[in-house]
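Peer 1: Dropping the sequence and predicted coords here.
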Amino acid sequence: MINLEDFNVAGDDSIFELLNRVFAWNDKNILKLDPVSGGITNSLFRCNNTTTNETVLIRLYGKSTDSIIDRKRELVAHEMLFDLDL
């Protein structure tokens, strides 16, 4: 398990701050963060709220990957997959 306080996403933002901002998960003691292996250009983390048993996947883009991946096109693909419940 990774210590949320030690992992910075970009600049001063941390994964914890992101989870707090998006999901209002504001207690670090109830969160479990595990890395998911297998990513080529990104880092993936499974974030579990142990109180509600909700789990989300956080993806962190790799350094300079925007030069090889069209993020707008990727977003459209994700939206299509979401609409298909995939």
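Peer 2: Thanks, I have it. Residues are numbered from 1 along each chain as shown.
Peer 1: okay, which residue is most central for the chain?
Peer 2: Closest residue to the average C-alpha location of the chain: I58 at 1.2 Å, with C-alpha atoms, centre = their mean.
Peer 1: In which helix or strand does that residue reside?
Peer 2: strand 54-61 (DSSP states H and E).
Peer 1: Export only the CA atoms of whichever helix or strand comes after that strand, formatted as PDB.
Peer 2: Using DSSP H and E, the helix or strand that follows strand 54-61 towards the C-terminus is helix 71-83. Presented in PDB, the C-alpha positions along helix 71-83 are these (Å, rounded to 0.1, in the frame of the first residue of the first chain):
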ATOM      1  CA  ARG A  71      -5.900  12.800 -25.400                       C
ATOM      2  CA  LYS A  72      -9.000  14.300 -27.000                       C
ATOM      3  CA  ARG A  73      -9.400  11.200 -29.100                       C
ATOM      4  CA  GLU A  74      -8.800   9.000 -26.100                       C
ATOM      5  CA  LEU A  75     -11.500  10.900 -24.200                       C
ATOM      6  CA  VAL A  76     -14.000  10.300 -27.000                       C
ATOM      7  CA  ALA A  77     -13.200   6.600 -26.900                       C
ATOM      8  CA  HIS A  78     -13.700   6.500 -23.100                       C
ATOM      9  CA  GLU A  79     -17.100   8.300 -23.400                       C
ATOM     10  CA  MET A  80     -18.100   5.700 -26.000                       C
ATOM     11  CA  LEU A  81     -17.100   2.800 -23.800                       C
ATOM     12  CA  PHE A  82     -19.000   4.500 -20.900                       C
ATOM     13  CA  ASP A  83     -22.200   4.900 -23.000                       C
END
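Peer 1: relative to strand 54-61, how tilted is helix 71-83?
Peer 2: Using axes from the mean of the first three to the mean of the last three C-alpha atoms, to 10 degrees, the direction of helix 71-83 lies 160 degrees away from that of strand 54-61.
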